[in-house]
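Engineer: Quick check, what structure comes out for this input:
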Amino acid sequence: MRARVADAARAAGRDPAEVGLLAVTKTWPASDVALLCDLGLDAFGENKEQEGAAKAAELAALRPDAAARWRVVGRLQRNKARSLVRWSHAVDSVDSARLVDALEAAAAKAVDAGERSDPLEVLIQVSVDADPGRGGAPVADVPDLADRVAACDHLHLGGVMAVAPQDVEPAEAFATVWEVAEGVRAAHPRASALSAGMSGDLEAAIAHGSTCVRVGTALLGRR
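Structural biologist: Numbers count the residues shown, from 1 in each chain. Predicted coordinates:
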């Protein structure tokens with residue numbers, strides 16, 4: 001998989017070191033995550049807070065020396081924020097002001113309680129087609145959401161994330177996301193992350209500036 005990512009980066013005239021690999025481990029057991037750690041992976045994505053919390057604890061017991069970093073990549077309910085900030089390093093699917101506020105409040109409480117010391121990284125999920133059933137913020141709403149995150153004391157604006165809609169050509173979708181990401185970076189230079197591309201379309205995403213691809217099937221097989 002690393003070779004495929006590297007080949008895609010070179011084909012786009014980019015340095016392979018610019019593109020990270022996030023292993024999406026939803027529905028797979030912690031024992032499989034431990035094997036991925038043994039292979040040198042250290043970033044893992046989970047869809048559901050409860051599953052991610054349990055898996056993070058299991059992995060800590062299986063591989064106590066592993067420096068694993070956990071990211072939430074699925075749609076998140078606000079009432080899960082308080083639990084999430086205890087184990088997750090980042091939330092890649094922020095798409096509303098109310099969720100920003102819930103995460104800021106939860107992260108502040110976690111710091112006060114000594115449960116975490118660093119800000120929670122946040123990516124704004126961009127909805128290319130503005131379909132409310134799929135999650136993500138409409139393109140026009142992203143700048144204000146980014147400003148809201150950047151103004152928080154306990155959140156860090158990392159950049160943006162997107163999933164290409166099935167009825168849109170990946171290259172077209174990722175070109176739109178790149179423009180949105182450029183706008184966010186112009187306003188917030190430290191927000192340099194662009195998480196886009198999965199097993200089936202990572203080449204198109206890398207060609208349009210992705211700094212992180214989210215891979216599940218190509219690493220672990222079909223669920």
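Engineer: Which secondary structure elements does the helix or strand of the chain with the lowest mean pLDDT sit against?
Structural biologist: The weakest-scoring helix or strand in the chain, judged by mean pLDDT, DSSP states H and E, is helix 217-220 (a mean of 90). With contacts defined as 3 or more C-beta pairs under 8 Å, 6 or more residues apart in numbering; DSSP states H and E, the packing partners of helix 217-220 are strand 20-24. C-beta: built from backbone N, CA, C; applies to glycine.
Engineer: pLDDT on the strand it packs on, on average?
Structural biologist: The predicted model assigns strand 20-24 a mean pLDDT of 97.
Engineer: which residues make contact with the least confident helix or strand of the chain from outside it?
Structural biologist: Helix 217-220 is touched from outside by 1, 4, 23-25, 28, 32, 36, 198-200, 223, with contacts defined as C-beta atoms under 8 Å, 6 or more residues apart in numbering.
Engineer: And those, which of them are buried?
Structural biologist: Buried members of the contacts of helix 217-220, scored by 16 or more other C-beta atoms under 10 Å, are 4, 23-25, 28, 32, 36, 198-199.
Engineer: most centrally placed residue in this protein?
Structural biologist: Residue closest to the average C-alpha location in the chain (C-alpha atoms, centre = their mean): Asp92, at 3.4 Å.
Engineer: and that one, what is it in contact with?
Structural biologist: 45, 71-73, 123, 125, 161, 195.
Engineer: for Ala6, helix, strand, or coil?
Structural biologist: helix (DSSP: H, G, I helix; E, B strand; the rest coil).
Engineer: Looks like it contacts Asp15 (just checking).
Structural biologist: No - the pair Ala6 and Asp15 fails to qualify as a contact (C-beta atoms under 8 Å) at a distance of 9.4 Å.
Engineer: roughly how far out does the strand or helix carrying the residue nearest to the centre of the chain sit from the chain middle?
Structural biologist: Using DSSP states H and E, Asp92 sits in strand 90-94. Centroid separation for strand 90-94 versus its chain: 5 Å, with C-alpha atoms, centre = their mean, to the nearest Å.
Engineer: and the following helix or strand past it with strand 90-94, angle?
Structural biologist: Following strand 90-94 in sequence order, the next helix or strand is helix 97-112 (DSSP H and E). Using axes from the mean of the first three to the mean of the last three C-alpha atoms, to 10 degrees, the inter-axis angle of helix 97-112 relative to strand 90-94 is 160 degrees.
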